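> sequence plus predicted model, see below.
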2 protein chains.
Amino acid sequence: MTVADTGLRARTRRAILDAAFATLIKNPSASLSDVAASAGVGRTTIHRYFPERSALLTAMGQDVLDKIGAATLKARPEEGPALAALDRLCQEYFELGDYLMLAFMEPTLTSPEWEEESESDRMVAKLISRAHREGSIDPAMPASWVHQVLWTLMYAGWQHVREDEAPKHDALTLCLRSLRKILAP
Amino acid sequence: MTVADTGLRARTRRAILDAAFATLIKNPSASLSDVAASAGVGRTTIHRYFPERSALLTAMGQDVLDKIGAATLKARPEEGPALAALDRLCQEYFELGDYLMLAFMEPTLTSPEWEEESESDRMVAKLISRAHREGSIDPAMPASWVHQVLWTLMYAGWQHVREDEAPKHDALTLCLRSLRKILAP
DNA sequence: CTATAGTGGAACACGATTGTTCCGTTGTGG
DNA sequence: CCACAACGGAACAATCGTGTTCCACTATAG
């Protein structure tokens, strides 16, 4: 069994990615040296995994997309009442935490694949239109606005945690309650 | 009457600031050359007004604070029913447009003065607590959360305009309607 | 034990940005 | 017309981040 098969490479890669998220969320213009220090690896090691800075950025973007996709599936958006499914979706998205925040504030992450509608986007759009058909959503709220507000409330929730030092659980409750009230017909 | 008194210096300073906003909103890591080109001035002129890059950034931050302060006063937050005052506040804030978006996404702008509570913050906090006392706001919504949601909805509104190509007026209407529903007891 | 994968660190070249200096030009008030 | 304020542009040194190369160290599979 070689070292590669033990998953060592995969683990250092993850360490670099996670450190990159943690570092860039604090300072979007941080250098690779900062990321390396945060990851506890040498700067050269980063270049071994990601030849250029842009390669790291796109890998981070893809990583977020993967996490969003997994979270969407985990929420089972097609099961049960639409509003309950939206609640589950928010809970899963909220767990993404810092991974999400960076996608909001770093346009450099959202370069190529973010433009095309992802599988998650389609599932969420289907869920929202189902909720509309079920009469669970105020008809005055367009689907695109609902989608926008859903993500923005996640952002507000985490800001509430970070700036107002609110407990995670309270912030999530406020997110869910606020979304429910917006959607209410 | 000297040239300085004609406001020439003030106008070029404004041109530089406005160009900096317009440029950095598109590319947060744009160089001073880009800003100079956008402003239609030489790069050296920028250094005449702002010795260092950081000086430009802090001036931009202060400028946004001033605009927020002016918008807050213009909304007359102490007059009439609290909910109506909140509506006026949102309308004024929404007009700030790009100036606001940058404050959301550029931590470098919000360095020193942004930490301490501004006069506007205090006026808004007073308005929210007044609304609470009037029974116009769901008691389950803490004041800090209301404040957070108010700003975040402005962001959502402009994203709705930019990404979903919604008319400004529609986006503002959705913002107001959504906030009203969240606040409803 | 030995070969190899993985790593850290020093050193280097390169490009971009920044901050500064100097000089020529423009335009306007007096 | 003259003086002065303001500007643009060229040139320069200094800094910083990037990308690369090379070498030594460690641990582990075989």
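Happy to help now that I have it. Since the structure is predicted, the reported quantities are computational estimates derived from the model, not experimental observations.
> so A:Leu127 makes contact with A:Cys90?
No: look at A:Leu127 against A:Cys90 with Cβ atoms under 8 Å: they stay out of range, at 11.5 Å. Quick note: C-beta positions are derived from backbone N, CA and C, even for glycine.
> starting at the chain centroid, how far to the helix-or-strand element of chain A with minimal mean pLDDT?
Ranked by mean pLDDT, DSSP states H and E, the weakest helix or strand in chain A is helix A:98-105, scoring a mean of 84. Mean-position distance between helix A:98-105 and its chain equals 6 Å (Cα atoms, centre = their mean, to the nearest Å).
> go on, stretch A:38-45?
25 Å.
> just the CA trace of the least confident helix or strand of chain A, in CSV.
Taking Å, rounded to 0.1, in the frame of the first residue of the first chain, the C-alpha atoms of helix A:98-105 are listed here in CSV:
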residue,chain,number,x,y,z
ASP,A,98,-17.7,29.9,6.2
TYR,A,99,-17.7,28.0,2.9
LEU,A,100,-20.8,29.9,2.0
MET,A,101,-19.7,33.4,3.2
LEU,A,102,-16.7,33.3,0.8
ALA,A,103,-18.9,32.5,-2.1
PHE,A,104,-20.9,35.7,-1.3
MET,A,105,-17.9,38.0,-1.1
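> flag every buried residue along it.
In terms of neighbour count (16 or more other Cβ atoms under 10 Å in any protein chain shown), helix A:98-105 has its buried residues at A:99-105.
> try stretch A:139-153
A:141-153.
> I figured A:Thr152 hits B:Ala156, correct?
Yes: with contact defined as Cβ under 8 Å, A:Thr152 reaches B:Ala156; the gap is 4.0 Å.
> which parts of chain A sit against chain B?
When proximity is defined by Cβ under 8 Å from any Cβ of the partner chain, chain A lies next to chain B at A:26-29, A:104-105, A:107, A:138, A:140-142, A:144-145, A:148-149, A:152-153, A:155-156, A:159-160, A:163-164, A:166, A:174, A:177-178, A:181-182, A:184.
> give me the neighbour count for A:Pro77.
Neighbour count for A:Pro77, taken as other Cβ atoms under 10 Å in any protein chain shown: 21.
> what residues are shared contacts of A:Thr152 and B:Ala156?
Applying Cβ atoms under 8 Å, 6 or more residues apart in numbering or on different chains, one finds that no residue jointly contacts A:Thr152 and B:Ala156.
> domains for chain A, by residue range?
A:1-51, A:60-183 (automatic domain parsing).
> start to end distance for the last one?
Think domain A:60-183. 32 Å (Cα to Cα, to the nearest Å).
> now that domain, how far from the chain's geometric center?
The answer for domain A:60-183 is 8 Å, by Cα atoms, centre = their mean.
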